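> what follows is a predicted structure for the sequence shown.
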Amino acid sequence: MDFVKGIERIRKANLKIRNQHTGNPKVFASSLGISKRQLYNIFDFFKAHGATIKYSRSLQTFYYPEDFDIIINFSVKTINEKEMESISGGAILSCPSIQFYYTEGHYF
């Protein structure tokens, strides 16, 4: 499940940044199992949600200079065809390589 993997990578990236234990960009991306470009896509996602991310060359780690945390929760529910037909409206929220479906106060 790519969606679940993506969420787990975001959680892991956030934890490593909060603990100031990332390593350089290449090491950090490798520890998440992604490319450096995908790592910077995650940074863009964090920044879009209010994070400031800095890099310390002396400590070789990314860190949040201001208090920041991101919590992502999701649930999976199977619905039948009739339920799908009753869903109206909504929007797709996206960030490179991360997409969410939002309807009536719920993210999918």
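Received it, and whenever you're ready, just let me know what you need. Note that the structure is a prediction, hence the values are computed from the model and not measured.
> going forward, measure contacts and count neighbours with C-alpha atoms only.
Fine.
> now residue 72: how far from residue 39?
Remark: distance between residue 72 and residue 39 (Cα to Cα, to the nearest Å) = 17 Å.
> for the two, indicate the residue with more neighbours.
Ranked by neighbour count (other Cα atoms under 10 Å), residue 72 and residue 39 place residue 39 first, with 21 against 9.
> for the more buried one, which three-state class applies?
Counting by DSSP: H, G, I helix; E, B strand; the rest coil, the backbone at residue 39 sits in helix.
> ditto for residue 62
In three-state terms, and counting by three-state DSSP, residue 62 is strand.
> look through the chain and report the residue furthest from the middle.
residue 82 (31.7 Å; Cα atoms, centre = their mean).
> confidence score at that one?
Predicted confidence (pLDDT) for residue 82: 82.
> same question for residue 88.
On pLDDT, residue 88 comes in at 64.
> likewise for residue 98?
On the pLDDT scale, residue 98 is placed at 54.
> what does the one 10 residues further on give?
pLDDT, the model's per-residue confidence, is 46 for residue 108.
> cool, and residue 33?
At residue 33, the pLDDT value in this model is 95.
> repeat for residue 74
Looking at residue 74, its pLDDT is 76.
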